[in-house]
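>>> give me a 3D structure for the following:
(2 chains)
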Amino acid sequence: MDSTQAARVLMGDSLGFHIIFVMFGLTLPILVVWFEIMSIRRKDERLRRQAHFWAKIMALLVITGVLSGTVIALQMSLVWPGILKFGGEVIGLPFMFETYAFLVEAIFLGLYMLTWNNKRLPSWLHVTFGLMVVVGSTASAYVITSVNGWMNLPTGFDIVGGKFQNVDVVAAMFSETAIITFLHSMPGYYVASGLFIAGLYAFRLLRTKRNNLGNKQHQLDYFIVQKIMIFVAIALVGSVITADLTGKYLAKSEPEKLAAIELTYQTSTNVPLIVGGVSDGHGGIVGPHFKIPNALSILACNSPNCSVEGLNETPKDVQPPLIVHTFFDIKMTLITILAIVIPLYFILRKWRPKLLQNKLLLLGFVLVSWFGIAIVELGWMMTEIGRQPWAVRGYVTTQEALTKTHDITSFGYVFPLAYAVLFTLSVIAIRWLIRTEKANPKGVL
Amino acid sequence: MLGVYLLIYTPIVLFVVAFLYETYLSFRRIGDKKKGRGVYVDATWEVTHTMLVFGVVMMVMLFTKHIDRIAELILIPTFLAMLALFVRGACYIALFYVYEKRRIKLLDWVFALSHVAAAGLLVTVVLIFSSYLLIEQPAANTQFVPVFGIGLAIIAAISLIPALILYRYRD
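Numbering: from 1, shown residues only, chains lettered A, B, ... in the order given. Coordinates of the predicted model:
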């Protein structure tokens, strides 16, 4: 592994690892606060304890997420200094604002966790602390996404005589790219984490002994799955709507990425959507695949006669790697399965509720519950690999952005190992939290 | 430039104070016979890290034109400090979640020493950076300072008000 590969491995591993904690870090505060509000309105102590239990897991995940987040912040600056050297004066502010958001999240998370059992604290105030965690984490996600958006489509400046002029940091921070990426990624995180949590409860239901069927705990588990699935379904609708916006945005503003994702080699109208297959490296497609006539043109601009830019418009040396097409195919397959499973859950819930206790169906649900996480990972891989060879599209290549003074190869090996250890420990710790909760006579599990 | 220095050094000083306190606690718990969490803190974890991130982000973002030189100077000690923080994080999870019911002295020692290693390396980073500022006197991106300063005051107020309310409702 050379230094560039090591740096890529390091960045890829860090982001791939961190994004899992981001998903839960953004979703759990919403679910915990929602359950807490429900418990207050229904005067239901069991729901409140359930929310408290999830809050403990949220705090544990924060420990790991903060560590990986800190490493990423440092990697962005020190391993890839070329990015900030080029655009620091335009995009530096969101990075700085991220620390504000992080600070708000950290302080209110501390307050929220410390005051769970404070009898003197009004419940509305405790809920407010929780809502501020949501505000902090969401704002943090926005500003970091805006930096990523800027790397994909740099805006908010003119270059005159080799120097930045007319710098507009607000335009850079609130670019169309940033807003669309944020609006598309957030529902994706909600679907991924919500579905995974619902899957954990489905697993519990699957293991429920026959004589415990229908007891209070069993009913509560079903209630929780139902609520989380409503949350997931709303998020899925949001995700589908914003996926359409993202497709249209890509066709307009990052056409070479869309061309790589869809293996569109030539600019033309009536472009089909290609499902399956891989590039043969010479402008053709090999392997099993089929085409949906006109679909890409319709997706790009609502008309079959719409012209979609092909890879022929981009010089060969700056074309994105075509592996993104495979990522997209896997992602779409998983999304299609979810688009069937989630409505099916509600149909069964409404008309055949007894079928939801069927072990085979529950097992199927448990199996698909991690698909959301895979979809988010694949989505970010498409975004990041689809921008290559650029770090800042059109201005700084990944090679140019890399530090020239240090060989970080050894870190490329060490950090992934550290992530693996932390991840394993986090899972063991969550299992410990669950066991402790089960052992507690007043516990919710 | 005073604003620039304040933005960099205030969070770093706050981080050092909080981190030294956590280091002290990590050593104190070695001799502590109490099982479980004992005397260590937990809720301050993220706040302490936030101060570190805050300081480092300021360090880098206020000098983006010179970032390649800064990266050259501080990359290795910073990454080693990150590894020490990883060890600390792993020990924290192991001590307070995985082996919560048992006391493993070796783990206690690794936990405490990871604090010392992280603190030592981070202080090295700050010293290298400070000497760079003194010797090479790089120009800062001062255009961000006014916006950021106003924002900081707002965030401080947002964070302080509930803390005061909480003090009123203390158990």
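
>>> closest point of chain A to chain B, which residue?
Going by CB to the nearest CB, chain B is nearest to A:G88 of chain A, at 2.3 Å. Any C-beta I mention is one placed from the backbone N, CA and C, and that applies to glycine too.

>>> so which elements touch the helix or strand harbouring A:F290?
Counting by DSSP states H and E, the element that carries A:F290 is strand A:285-292. Using 3 or more CB pairs under 8 Å, 6 or more residues apart in numbering or on different chains; DSSP states H and E as the contact criterion, the elements in contact with strand A:285-292 are strand A:273-279.

>>> who are the contact partners of the residue of chain B found nearest chain A?
Here the residue of chain B nearest chain A is B:T64; by CB to the nearest CB that distance is 2.3 Å. Contacts for B:T64 (CB atoms under 8 Å, 6 or more residues apart in numbering or on different chains) come out as A:L84, A:K85, A:G87, A:G88, A:E89, A:G92, B:N141.

>>> wait, the first one sits on B:I67?
Yes - with the criterion set as CB atoms under 8 Å, A:L84 and B:I67 qualify as a contacting pair; they are 5.0 Å apart.

>>> and for those two, which residues touch both?
Common contacts of A:L84 and B:I67 (CB under 8 Å, 6+ apart): A:S77, B:V60.

>>> the more surrounded of the two?
A:L84 (29 against 24; other CB atoms under 10 Å in any protein chain shown).

>>> what strand or helix carries the more buried one?
helix A:81-114.

>>> can you name the next helix or strand after that helix?
Next element after helix A:81-114 (DSSP H and E): helix A:123-152.

>>> return the distance of that following helix from the chain's centre.
14 Å (CA atoms, centre = their mean, to the nearest Å).

>>> can you report how many residues lie near residue 26?
I'll assume chain A. 20.

>>> let me rephrase: I mean chain B.
As a burial measure, B:S26 scores 25 neighbours (other CB under 10 Å).

>>> what's the helix or strand for the closest residue to it other than its chain neighbours?
Among residues not flanking B:S26 along the chain, B:A112 sits closest, at 4.1 Å (CB to CB, 6 or more residues apart in numbering or on different chains). Assigned by DSSP H and E, B:A112 belongs to helix B:105-136.

>>> that helix: what's the following helix or strand?
Counting by DSSP H and E, what follows helix B:105-136 is helix B:145-168.

>>> quick one, that following helix and helix A:123-152 angle?
Helix B:145-168 and helix A:123-152 are oriented at 160 degrees to each other (axes from the mean of the first three to the mean of the last three CA atoms, to 10 degrees).

>>> packing partners for helix B:145-168?
Partner elements for helix B:145-168 (3+ CB pairs under 8 Å, 6+ apart): helix A:81-114, helix A:123-152, helix B:2-28.

>>> elements contacting the last one?
Judged by 3+ CB pairs under 8 Å, 6+ apart, the packing partners of helix B:2-28 are helix B:45-61, helix B:105-136, helix B:145-168.

>>> and that helix, how far from the chain's centre?
6 Å.

>>> B:Y132: what's it in contact with?
Contacts of B:Y132 (CB under 8 Å, 6+ apart): B:R69, B:I70, B:L73, B:P138.

>>> helices - which of those land there?
B:R69, B:I70, B:L73 (DSSP state H).

>>> could you count how many residues lie near the residue nearest to A:L402 when sequence neighbours are not counted?
Excluding the flanking residues, the one nearest A:L402 by CB to CB, 6+ apart is A:A7, at 5.5 Å. A:A7: 25 surrounding residues under other CB under 10 Å.

>>> out of everything not next to it in sequence, what's closest to A:N294?
Nearest one to A:N294, counting by CB to CB, 6+ apart, is A:P304 at 3.8 Å.

>>> per-residue pLDDT of that neighbour, please?
Per-residue confidence at A:P304 stands at 89 (pLDDT).

>>> show me the shaky parts of the stretch 101-250 of chain A.
Confidence mapping of the stretch 101-250 of chain A against pLDDT under 70 gives the ranges A:210-214.

>>> what does it put close to chain B?
Residues of the stretch 101-250 of chain A lying near chain B by CB under 8 Å from any CB of the partner chain: A:102-111, A:113-115, A:117-122, A:125, A:128-129, A:132, A:167, A:169.

>>> filter those to the buried ones?
With burial judged by 16 or more other CB atoms under 10 Å in any protein chain shown, the buried subset of these is A:102-111, A:113, A:115, A:121, A:125, A:128-129, A:132, A:169.

>>> spit out the contact partners of residue 1.
By default, I'm working from chain A. A:V9, A:T409, A:G412, A:Y413 are the contacts of A:M1 under CB under 8 Å, 6+ apart.

>>> try chain B instead
Residues counted as contacts of B:M1 (CB under 8 Å, 6+ apart) are B:A140, B:T142.

>>> and the residue nearest the centre of chain B?
Taking CA atoms, centre = their mean, the centroid of chain B lies closest to B:L52, which sits 3.4 Å from it.

>>> for it, which non-adjacent residue is closest in space?
Leaving aside its sequence neighbours, B:L52 sits nearest to B:F15 (CB to CB, 6+ apart; 4.7 Å).

>>> and the closest residue to A:E45 other than its chain neighbours, what pLDDT?
The shortest distance from A:E45 to any non-neighbouring residue, by CB to CB, 6+ apart, is to A:S39 (7.1 Å). A:S39 carries a pLDDT value of 92.

>>> immediately after the one helix or strand A:S39 maps to, which helix or strand?
Per DSSP H and E: A:S39 is located in helix A:3-42. Using DSSP H and E, the next helix or strand after helix A:3-42 towards the C-terminus is helix A:45-78.

>>> what about A:V33, neighbour count?
A count of nearby residues for A:V33, using other CB under 10 Å, gives 22.
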